[in-house]
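In: Sequence first, then the predicted structure:
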Amino acid sequence: MSRSLDVSMSTPAPLARFGDLLLLELLDGFGALQTFRASDPEGRLVRVRGVRAASIDDPALLEAFAERVALAQSLALPQLEAPIRHALTPVPHVVLDLATGAELGQALAAREGEPMPPEAVVEIGLAVVRALAAIHARGATHGAVSPESVFITGAGDARLTDLGLGLLAQQVGGSAPSS
């Protein structure tokens with residue numbers, strides 16, 4: 001297995017092999033983490049979120065990453081994105097389902113100003129509240145709830161994603177590019 005997940009943003013697909021995964025596309029690569037669209041040995045599309053080589057020796061980041069992954073694994077809720085598997089060595093990473101659908105922000109933008117039906121708003125809100133209640137019951141916080149961390153599946157169900165890993169990467173390992 002490669003000791004690094006670092007791949008240039010301009011590298012054409014397929015990008016690289018990472019253990020038994022084929023990295024297909026870099027989805028984001030700011031801060032201390034990178035996220036890829038990948039294919040597993042069964043041909044399933046997955047997301048791989050891992051620590052960049054430049055941050056791999058940061059003990060605070062590695063500890064916080066391990067805590068977030070363990071928390072996500074311990075919360076088996078349909079309203080919360082669950083890891084398929086993870087490893088802390090040699091490269092800390094988590095493999096997540098690559099569900100079809102869109103982030104809430106994208107789903108709202110696609111509506112081109114048309115309001116979402118009230119029933120859908122209530123269902124999305126309840127899903128987020130249920131996920132947050134479970135996280136808070138464990139004495140933790142999400143840390144980065146936003147339209148980008150709420151995913152609407154192709155079936156219309158809402159899932160809270162990321163468990164604050166993006167915010168963690170900014171706080172501990174670097175900062176996001178300004179936009």
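Out: Yep, that arrived.

In: Identify the residues contacting D20.
Out: By Cβ atoms under 8 Å, 6 or more residues apart in numbering, the residues touching D20 are 40-41. All C-beta spots, glycine's among them, are computed from the backbone N, C-alpha and C.

In: let's go with 10 Å and repeat that
Out: Remark: with contacts taken as Cβ atoms under 10 Å, 6 or more residues apart in numbering, D20 is in contact with 1, 38-42, 95.

In: you'd agree L22 is up against E42?
Out: No - applying Cβ atoms under 10 Å, one finds L22 not in contact with E42, separated by 11.8 Å.

In: Tell me how far D40 lies from L21.
Out: Distance check for D40 against L21: by Cβ to Cβ, to the nearest Å, it reads 6 Å.

In: Check P41 too.
Out: In terms of Cβ to Cβ, P41 sits 8 Å off from L21.

In: more neighbours, the two?
Out: Using other Cβ atoms under 10 Å as the criterion, P41 and L21 rank with L21 on top: 18 against 9.

In: Bridging across strands, which residues link to the nearest residue to the more buried one once chain neighbours are set aside?
Out: Closest residue to L21 apart from its sequence neighbours, by Cβ to Cβ, 6 or more residues apart in numbering: A38 at 4.5 Å. Beta-bridge partners of A38, counted by DSSP bridges, are L23, V46.

In: For the residue nearest the centre of the chain, which non-adjacent residue is closest in space?
Out: Central residue of the chain (Cα atoms, centre = their mean): D162, 3.9 Å from the mean position. Distances taken as Cβ to Cβ, 6+ apart place S149 nearest to D162, at 4.9 Å, with adjacent residues excluded.

In: I'd say the one you found and I135 touch.
Out: No - counting by Cβ under 10 Å, S149 stays clear of I135, with 11.9 Å between them.

In: what's the overlap in contacts for the two?
Out: Common contacts of S149 and I135 (Cβ under 10 Å, 6+ apart): 142-143, 160, 163-164.

In: ok, back up a step: when L22 and E42 are compared, which one has more neighbours?
Out: Each of L22 and E42 has its neighbours counted (other Cβ under 10 Å); L22 has more, 18 against 7.
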